[in-house]
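Participant: could you look at this predicted model? Sequence included:
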Amino acid sequence: MTSYFAVPTTDANTIRGSIIYVDSFGNAIMNVTKDFFEKEHKNRPFSIYMRKSNYTISKISKSYEDTENGEIVAFFNTNGYLEIALNRGNASGLLGLKVMDAIRIEFQ
């Protein structure tokens, strides 16, 4: 359980963040808060791109239970940070995510 903190950056259509923590279940927590995301989102469609992964996420769920077992899910955790997880699985292991990895959210 390692942690790292950095400040996300933005331009007109992109948030560039990073993974600041991977918990013992393999869930990856980003340095993007719900307030920060909402300020940039402006109800535009988006995709979350993860470094070294062919997977993308295009919706924010409310919790793990919003997806089927084994599916990738993104949601804001109880501390208000964006979390990438695998319902009943290890997102870090499957997606190769680790602390300090870059994550990009692109808005259309």
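Facilitator: Nice, I can see it.
Participant: centre of the chain versus stretch 91-101, how much separation?
Facilitator: 11 Å (C-alpha atoms, centre = their mean, to the nearest Å).
Participant: quote the end-to-end distance of it.
Facilitator: Length of stretch 91-101, first residue to last, C-alpha to C-alpha, to the nearest Å: 13 Å.
Participant: same deal with stretch 68-84?
Facilitator: End-to-end distance for stretch 68-84, by C-alpha to C-alpha: 15 Å.
Participant: next one: that stretch to chain centre, how far?
Facilitator: On C-alpha atoms, centre = their mean, the centre of stretch 68-84 falls 7 Å from the chain's centre.
Participant: equivalent analysis for stretch 100-108, please.
Facilitator: Taking mean C-alpha positions (C-alpha atoms, centre = their mean), stretch 100-108 and its chain are 8 Å apart.
Participant: do stretch 28-43 as well
Facilitator: 9 Å.
Participant: could you do stretch 46-55 as well?
Facilitator: The answer for stretch 46-55 is 9 Å, by C-alpha atoms, centre = their mean.
Participant: and stretch 85-97, by the same measure?
Facilitator: 11 Å.
Participant: pLDDT of it, averaged?
Facilitator: Stretch 85-97 comes out with an average pLDDT of 89.
Participant: contacts for that stretch?
Facilitator: 19, 22, 25-28, 50-53, 55, 64-65, 67-75, 84, 98 (C-beta atoms under 8 Å, 6 or more residues apart in numbering). The way it works is simple: take the backbone N, C-alpha and C, and place the C-beta from them, glycine included.
Participant: in the protein, what spans have low per-residue confidence?
Facilitator: Residues of the chain that meet the criterion pLDDT under 70 lie in 1-5, 52-53.
Participant: what are the buried residues along the longest strand belonging to the chain?
Facilitator: Longest strand in the chain by number of residues (criterion: DSSP state E): strand 14-22. For strand 14-22, a neighbour-count test (16 or more other C-beta atoms under 10 Å) marks Thr14, Ile15, Gly17, Ser18, Ile19, Ile20, Tyr21, Val22 as buried.
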